[in-house]
Structures are given as structure tokens and as C-alpha cells.
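**Student:** One predicted model, sequence on top.
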Amino acid sequence: MNLGKRLAFAGILFFGLIFISVIGYLTLGGPDVTFLKALYMAVITVAGVGYGEMINTEPYPALRIFNMFIVVFGVATTVYVFGVVAALIVDLELSNPFWRRRMQNRIDALSGHVVVCGLGDTGRYAAQELQKSGAAYVAIETSEEKIKRLKETHPGTFDEMLYVLGDATEEEILERAGLSRAVGLVITLPQDKDNLVVTVMVHQRYPKLRIIARSASRRFAERMKRAGANSTVSPAQIGGLRMASEVVRPHVVSFLDLMLKEQSKTLRVEEVEVGASSPWAGKTLRDLDLHGRYNLLPLALKEHAHGEEPKLQVNPRDHTAVPGGSVVIVIGDVLDVQRARRDAKGA
């Protein structure tokens, strides 16, 4: 039963009990009982406010028995009515049209963001990492309750999260999340079939959009890649790799955990794109002085040559030139990475 039907049922139950109470008091209360007295007695009894009896039930055993039933049913009815009203107030607060419109306006103003489909066990970690990395994102979720629980269990993390309520397999919902202006799509719906549907639908409309899809099945992972996903992620596979790493390289795992959980700084392995017209293009790593200027440590350089496979240089030397169209992979604080990205763009 939805909230509207529950509210209607609660109203019928409450006023029906009041009506029956008034009739009972008028019938069993003797000749001195007026309609106003009967109505007042009915209201205070059903509401359970604890006022004294307006109608003396002592001379009338039948009235006293009737009143006991009214007290019992009145308390139960009042609790139910208050519960429905409280649920209605919460629902109105969450579905406030002005608040909804304000959030949709913020989403409409976004560009270059990431759309996350589903806030389940995998999606919430993806959203949390995007939040920590300072990347703009919009979540799509069918359950308002799940979003409320996320905000309650992760105070301060998801308070300002932008989201759209609806089914991510529907084009209209994806467009409301600003997919046409997004740079990436993370699909973490519970069912592989739904993830495949979203992958096919989005790739057909936006073939250049980067799509990362969750897949529990290797068979579906291959289908998703053929359908247009740039990459697929298996939670089971990642979990197995993590468990093996805990055995053979525990200190490395501890370092990565510390890097991810550090509160004072958000340390990450990030990438800085160097465009063809970037002021960084053609300079060497020594000239850029990433460590001195940004406190960043260069780990690798990925070059994109026309007509050739991308070439990756791990641990590049200081004299290595950074050509336009390449990507510098660094480790450092997210805020320092953002400064470097701005300078690399010439902004």
C-alpha cells in the first residue's frame, strides 16, 4: 500500500472510530449526554490525552465496557495515524519540488562529470572515490531509502551528492543526469543484463564516452566490451587479487591502504594530460620540475603516436621530453594534481 492510500486509510480509521464513539456515548450514556459532550469524550479518548471523563461511566456498565474498547482501539489508531503522518512529512521533505528543481539545475550546469549508475555495494565505493578525488559526478539510483542510508552511515561524504531517482536503463533518466555532457559512465547495476543494456544504449548514442561496467560473469564481460565498454570490472576478481597480494606483498598492500585512508591528504596515483597546445608540450620532466613545483612524483609517461600503439615509459628519466598528446602518470595529493592539470592546460 503506497503512502497516499495509507494516509486515506488512516483518516477513515480515525474519523470512523470517532463516529462510532459518539454514537456509543449518545446511546449508552444516558439522557444528560449532549452531542458536544459525546464528541469531546470521543476525541480525548481516541487521542489518549488523559483528560478526566466528561461522561460518567460508573452508573452504566455497558458504557464502561464500550469505553474500554474505544481506549484500546483509540491508542492503536492514534499510533498508526501519527506514524503515517510522520512518513508523509519525511516524504514531502525529500520530494520538495523546490529542492528537486534546485538540484536538477545544479546537474544541468555540470559538464565534464561522471555518471554513476547504481549505488549498491560497488557503486557507493565508486562514488566515494570520485568524491575524495574531487571529480564531479551524478548518481542514478532507484531507491530514495538507499540514498538516505548512505547519508546517515557516511556523514559528510554524500551530503552534497547530486543524484537522479529512476531506472538507469531508461534514456530519459540518463539524460537527466547530464550524460550528453559527461566524460565517463560507471555502470554498477546489480544485474549483468542491465549493465549490458545500458552499455549498448549509451555507446550507440555517445560512442566517444568512456564506459566502465561492472560484470560478475566473464561471459557478460566479453559481451560488454564488444558492445562498447572501454573496460569491465569484476568485484570477485579484484577481491581475489587483493587476497593474494595480502599474502605475497603485505607491505605494498599496507602502503596502498594507508595512501587511500590517509585523512590529512588524499594521496592517489593520477594522470595529467598534456595536450598538443599545452605549455608543457615539448618540455622535459626536469624543466617541468613536478616534484619541486607540485610535490608530485612522476611514475610513467604514456605517449600516443598516430597510427601506433601507445608507448608507456615507466620511471622516466629527468631528460625525457613530454610531447603533446601524452599523459604523465604521477603520485601525489589530489589538490596538487588539480593544480598541475590547470597549469598543463594553460588555465
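**Tutor:** Here it is on my side, so go on. Quick caveat: nothing in here was measured; it's all calculated off a predicted structure.

**Student:** Please pull out the lowest mean pLDDT helix or strand from the chain.
**Tutor:** Using mean pLDDT, DSSP states H and E, the weakest-scoring helix or strand in the chain turns out to be helix 61-94, at a mean of 78.

**Student:** Please name every helix or strand in contact with the helix or strand following that one.
**Tutor:** Using DSSP states H and E, the helix or strand that follows helix 61-94 in sequence is helix 97-108. Applying 3 or more C-beta pairs under 8 Å, 6 or more residues apart in numbering; DSSP states H and E, we find helix 97-108 packed against strand 162-165. In short, each C-beta sits where N, CA and C put it, glycine included.

**Student:** Repeat the analysis, applying 10 Å as the threshold.
**Tutor:** strand 137-141, strand 162-165, helix 171-176 (3 or more C-beta pairs under 10 Å, 6 or more residues apart in numbering; DSSP states H and E).

**Student:** and among these, the most buried is which?
**Tutor:** Between the helices and strands packed on helix 97-108, strand 137-141 has the highest mean count of neighbours, a mean of 25, where neighbours are mean count of other C-beta atoms under 10 Å.

**Student:** how much does that strand deviate in direction from helix 97-108?
**Tutor:** 130 degrees (axes from the mean of the first three to the mean of the last three C-alpha atoms, to 10 degrees).

**Student:** Check which strands are paired with strand 137-141 and give the direction for each one.
**Tutor:** strand 114-117 (parallel), strand 162-165 (parallel) (DSSP bridges).

**Student:** rank those by pLDDT, which is bottom?
**Tutor:** Least confidently modelled of the strands paired with strand 137-141 is strand 162-165, at a mean of 94 by mean pLDDT.

**Student:** And the contacts of it?
**Tutor:** 94-95, 100, 103-104, 106-107, 110, 113, 115-117, 119, 127, 136-144, 147, 150, 172-178 (C-beta atoms under 10 Å, 6 or more residues apart in numbering).

**Student:** Same check on stretch 141-149?
**Tutor:** 90-91, 94-95, 116-120, 123-124, 127, 139, 150, 158, 161, 163-168, 173, 189.

**Student:** now those: which count as buried?
**Tutor:** Among the contacts of stretch 141-149, those buried by neighbour count (16 or more other C-beta atoms under 10 Å) are 116-119, 123-124, 127, 139, 150, 158, 161, 163-165, 168, 173, 189.

**Student:** Need the pLDDT of residue 135.
**Tutor:** Note on residue 135: pLDDT of 90.

**Student:** Just say helix, strand or coil for it.
**Tutor:** On the three-state scheme (DSSP: H, G, I helix; E, B strand; the rest coil), residue 135 is labelled coil.

**Student:** so where's the stretch 1-150 of the chain shaky on pLDDT?
**Tutor:** 1-4, 49-54, 90-98 (pLDDT under 70).

**Student:** what's the burial count for residue 330?
**Tutor:** Counted by other C-beta atoms under 10 Å, the residues lying close to residue 330 total 22.

**Student:** For it, which non-adjacent residue is spatially closest?
**Tutor:** residue 296 (4.2 Å; C-beta to C-beta, 6 or more residues apart in numbering).

**Student:** wait, what's in contact with the one you found?
**Tutor:** Contacts of residue 296 by C-beta under 10 Å, 6+ apart are 270, 272, 288-290, 328, 330-333, 336-337, 339-340.
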